[in-house]
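Q: no FASTA, just this:
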């Protein structure tokens, strides 16, 4: 379950970063739909991607 959550966070974070640089259109990335965090989209997507990577690496080390 942690592996799936980590993968989801990583996809959301990296996809959000790509979306931030390529187009400002709303897409299915989470931070595009939170108006209060609009100015912090890039930083938030980086944080989500790093958390996803931490969850992925942490779950793979426990095996």
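A: Noted; the coordinates are in hand. Computed from a prediction, not measured in an experiment: that's the story for all the values here.
Q: state the pLDDT value of the most centrally placed residue in the chain.
A: Centre of the chain computed as the mean C-alpha position; nearest residue by CA atoms, centre = their mean is residue 13, 1.9 Å away. Among the per-residue scores, residue 13 shows a pLDDT of 94.
Q: work out for me the element it sits within.
A: helix 2-22 (DSSP states H and E).
Q: circling back to that earlier point, so what's the residue nearest to the centre of the chain up against?
A: With contacts defined as CB atoms under 8 Å, 6 or more residues apart in numbering, residue 13 is in contact with 45, 46, 47, 48, 49, 50, 51, 52. Every C-beta, even on glycine, is put in place using the N, C-alpha and C of the backbone.
Q: quick one: buried residues of the helix holding residue 13?
A: By neighbour count, with 16 or more other CB atoms under 10 Å as the criterion, the buried positions of helix 2-22 are 6, 9, 10, 12, 13, 14, 15, 16, 17, 19, 20.
Q: chain center to it, what's the gap?
A: On the basis of CA atoms, centre = their mean, to the nearest Å, helix 2-22 is displaced by 3 Å from the centre of the chain it belongs to.
Q: list the contacts of stretch 33-49.
A: Outside stretch 33-49, the residues that touch it by CB under 8 Å, 6+ apart are 9-10, 12-14, 16-17, 20, 26, 29-32.
Q: now for those residues: which two are most distant?
A: Farthest apart among the contacts of stretch 33-49 by CB to CB are 10 and 26. That separation is 20.6 Å.
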